[in-house]
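Asks: Got a predicted structure plus its sequence, pasted below:
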Amino acid sequence: MTALFPDLLGDACWRQLPPAVQAMHGASPVLHANGVADITGDNHLAARGLRRLLGLPPPGRAQALALTIERHNGNEVWTRRFANRQMRSTLGRRTGSPFLYERLGPARLGFALRRDGEAIDWQLRSLHIFGLPCPRALHGRVLSRSGVRDGRYHFSVDVRLPWLGQLLAYQGWLEPTAPQAVS
């Protein structure tokens, strides 16, 4: 079975990524990692309510983060346990599509993955809510990047929506809790 991220990025791009990125996005059936994340987001009622609906964590600095990735049948279930909330999403691919799809609550996001130096940029290309496509003007802006900083896997995500502002931004680091095979 081909691993999701190496398949979407292509062998040449995949092999140029640092070992820490390959370990997190490789082919091991189960991966456990621990780290810390700083989380920000607007504090008005609409942003708080939407974060709760999607299972997103509330803002807070230096929140402990535990991640479990379970890989099977070409899909990855990511369970992120922040200090105050658990966030679960399913990543996968659709036949014939070059995109990585992430299902998060009622939302399905389609990302084009691109290697940028020693990092992976996730570029939002589609958004469906309750199975209905959203017009591009309502996608907002999602900046997502995973790479290496100070020798550790580092991630940053910033989600801003029209009329709502910053729904969520989080950045931090993760380290696998046990050695992982790199594919």
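Replies: Perfect, thanks for sending it. Numbers count the residues shown, from 1 in each chain.

Asks: What is the worst-scoring helix or strand of the chain on mean pLDDT packed up against?
Replies: The least trusted helix or strand in the chain, going by mean pLDDT, DSSP states H and E, turns out to be helix 45-54, with a mean of 91. If you count contacts as 3 or more C-beta pairs under 8 Å, 6 or more residues apart in numbering; DSSP states H and E, helix 45-54 packs onto strand 165-176. C-beta: built from backbone N, CA, C; applies to glycine.

Asks: Can you spell out which helices and strands pack onto the strand it packs on?
Replies: helix 19-25, strand 30-40, helix 45-54, strand 60-72, strand 152-161.

Asks: The same query, at a cut-off of 10 Å, please.
Replies: With contacts taken as 3 or more C-beta pairs under 10 Å, 6 or more residues apart in numbering; DSSP states H and E, strand 165-176 sits against helix 19-25, strand 30-40, helix 45-54, strand 60-72, strand 141-149, strand 152-161.

Asks: Just the endpoints, please. Distance across stretch 7-25?
Replies: This stretch, stretch 7-25, spans 11 Å end to end (C-alpha to C-alpha, to the nearest Å).

Asks: Name the residues of it that come out as buried.
Replies: Across stretch 7-25, burial judged by 16 or more other C-beta atoms under 10 Å covers 8-9, 13-14, 17, 20-25.
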